[in-house]
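Student: Sequence plus the predicted model coming up.
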Amino acid sequence: MKIEQIYTGCLAQGAYFITSGNEAAVIDPLREVAPYIEKAKKLNVSIKYVFETHFHADFVSGHIDLAEKTGAKIVYGPKANTGFEAHIAEDGEIFKLGEITIKVLHTPGHTMESSCYLLSDHTGKEIAIFSGDTLFIGDVGRPDLAQNGDVTQDDLAGILFDSLRSKIMILPDDIIVYPAHGAGSACGKSMSKETSDSLGNQKKFNYALRADMTKDEFIKEVTAGLTEPPQYFPENVKMNRDGYESIDDVLERGDQALSANAFESKANLLGALILDTRKPEDFAKGFIPNSINIGIDGGFAPWVGALIPDLKQNILLITEPGREEEVVTRLARVGYDFAIGYLDGGFEAWKKTGKEIDSIISLPAKDFAERYSEVDIKVVDVRKADEFESGHVEGAENIPLDSINDNMSSLSKNETLYVHCAGGYRSMIAASILKARGFDDVINIEGGFGEIQKTEVPLGRLV
């Protein structure tokens, strides 16, 4: 028996590849399924099951493509209702995989179909639990994503409390907890950077598993401080539940090289969004007018999901040469299936044509400090509200990046905007969006608040 955690940092997501004998199972796979199939061939095993812990909101799972390509059976827990062929398991149902067994534990609360999978070895000893979004390391799944007119987040939190105590906390302390996410995911609020732990440790240190906690205390703590979920979450749930286009078709459509003229023509005729995924510092030096910068080497997929409201939007790509397929794949992971091509040769090819380009001034923090002391300037801080409250430039306006599309009314197109975040990644995204919306005089502060703190610029603090 072997358990392999396949962790994807951009999504803070853990998929699992489990083998026993000549059989394998995959839990919560990513959209691109070729790596799992290649792994199975290399190990000379057949993928028998694709286990899904729930209908994921933060990414599109690869269950459908993986099942079609391998003949594996898709398994969901009770109360799941799918638009494709799947086995809806009963609570307590046991699946045989080689010499081991995997038992379904229905654990509603994060969502009503949420289930965990308990793995036992050939002797019957319970070894590990794959907890999905029910139990994280240091946290539990947020209970607000599946609320509707009949079921509130408090109702779901109460159901989650019961699930944890009746199904998980009764298990042996030495079993290993393998969750679907770690720190950085929007599916919880205080997850650890660790991606697995013993259940006994979690009973000691996870606030939600305190033995003396009442249900009312649990509901209060687990619902406190929940931020608005990203707007793409419901669309990803729908795709995971009802079905989606094959990843092969998505890649074929997006991985098309376009000349500068063809690229420009598609942008004009189709109203496509131009997404530039280069490094922020490279984007600042020159870019195609009205393009948006979301760097591939940052929190790419979640920021795409937060800032591009229409998942069916046609998208044209500018990437670093050689990374085109990677970008299309990472867009598809969060349901953006309509990339329609990329600029062949990247931005350098555009420059060679002599076509119009734009740029953004990036100002070192020390130079910003000099300007701040001399004139009354408009500073826009695009960090999260809690970051802003812990320390900020005096007089700065806080417009968190994930809400910038809806909160520009306080800004004037007739004044210079000095934009910063913590380190520079988010501020360049914000600056590119502002530029595309007609704010021509935008300056990015290099190094963000981290560098500003090293200057004499006066700082305020709310907490």
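Tutor: Structure's in. What do you need? Computed from a predicted model, the values in this text were never measured in an experiment.

Student: alpha carbons only for contacts and neighbour counts from here, please
Tutor: OK.

Student: At which residues are the helices of the stretch 51-200 of the chain located?
Tutor: 63-70, 153-163, 199-205 (DSSP state H, counting those that start in this stretch).

Student: Counting by contacts, list what the first one packs against.
Tutor: Other elements packing on helix 63-70 under the criterion 3 or more C-alpha pairs under 8 Å, 6 or more residues apart in numbering; DSSP states H and E are strand 46-51, strand 73-76.

Student: mind listing what's buried in it?
Tutor: Counting neighbours by 16 or more other C-alpha atoms under 10 Å, one finds that the buried residues in helix 63-70 are 63-67.

Student: neighbouring contacts of it?
Tutor: Helix 63-70 is contacted from outside by 28-29, 31, 33, 37, 46-47, 50, 52, 72-74, 84, 243, 246-247, using C-alpha atoms under 8 Å, 6 or more residues apart in numbering.

Student: coming back round to it: turn the buried residues of helix 63-70 into TSV, including distance to Pro289 and pLDDT.
Tutor: Shown next, in TSV, are the buried residues of helix 63-70 (distance: C-alpha to C-alpha, whole Å; pLDDT from 0 to 100):
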residue	distance to Pro289	pLDDT
His63	39	98
Ile64	39	98
Asp65	37	98
Leu66	40	98
Ala67	43	98
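
Student: and of those residues, the nearest to Val380?
Tutor: Closest approach between those and Val380, by C-alpha to C-alpha: His63, at 42.2 Å.

Student: how near is that closest one to Tyr36?
Tutor: Using C-alpha to C-alpha, to the nearest Å, we find His63 at a distance of 11 Å from Tyr36.

Student: And for Pro78?
Tutor: 26 Å.

Student: Among the helices and strands packed on helix 63-70, single out whichever gets nearest to Asp276.
Tutor: Closest among the helices and strands packed on helix 63-70, using C-alpha to C-alpha: strand 46-51, at 34.7 Å.

Student: Okay, angle between that closest one and helix 63-70 too, please.
Tutor: 160 degrees (axes from the mean of the first three to the mean of the last three C-alpha atoms, to 10 degrees).

Student: tell me what strand 46-51 is packed against?
Tutor: Using 3+ C-alpha pairs under 8 Å, 6+ apart as the test, strand 46-51 ends up in contact with strand 23-27, helix 34-43, helix 63-70, strand 73-76.

Student: residues contacting Lys41?
Tutor: No contacts exist for Lys41 under C-alpha under 8 Å, 6+ apart.

Student: Lys125: neighbour count?
Tutor: A total of 13 residues lie near Lys125 under the criterion other C-alpha atoms under 10 Å.

Student: pLDDT wise, what is it at?
Tutor: At Lys125, the pLDDT value in this model is 98.

Student: ok, Leu316 touching Gly271?
Tutor: No: if you go by C-alpha atoms under 8 Å, Leu316 and Gly271 don't touch, sitting 9.9 Å apart.

Student: more crowded one of the two?
Tutor: Counted by other C-alpha under 10 Å, Leu316 and Gly271 do not tie: Leu316 has more neighbours, with 26 against 13.

Student: Find the nearest non-adjacent residue to that one, please.
Tutor: Once flanking residues are discounted, Leu316 sits nearest to Ile274: 4.8 Å by C-alpha to C-alpha, 6 or more residues apart in numbering.

Student: Quick check: that neighbour is in a strand.
Tutor: Yes: judged by DSSP: H, G, I helix; E, B strand; the rest coil, Ile274 forms part of a strand.

Student: so what's it up against?
Tutor: Applying C-alpha under 8 Å, 6+ apart, the residues near Ile274 are 267, 290-292, 315-318.

Student: Can you list the low-confidence ranges for this protein?
Tutor: 462-463 (pLDDT under 70).

Student: Show me the strands in the stretch 201-350 of the chain, by range?
Tutor: For the stretch 201-350 of the chain, the strands defined by DSSP state E, counting those that start in this stretch occupy 257-258, 273-276, 292-293, 315-318, 339-343.

Student: among these, which is nearest Ser390?
Tutor: Using C-alpha to C-alpha, the nearest of the strands of the stretch 201-350 of the chain to Ser390 is strand 292-293, at 27.3 Å.

Student: Contacts for the closest one, please.
Tutor: Here strand 292-293 makes contact (C-alpha under 8 Å, 6+ apart) with 273-278, 280, 283, 428-429, 432-433, 436.

Student: and the residues you listed, which two are the farthest apart?
Tutor: Among those, Leu273 and Pro280 lie farthest apart (C-alpha to C-alpha), at 17.9 Å.

Student: Comparing these two, which residue is more hemmed in?
Tutor: Pro280 (23 against 19).
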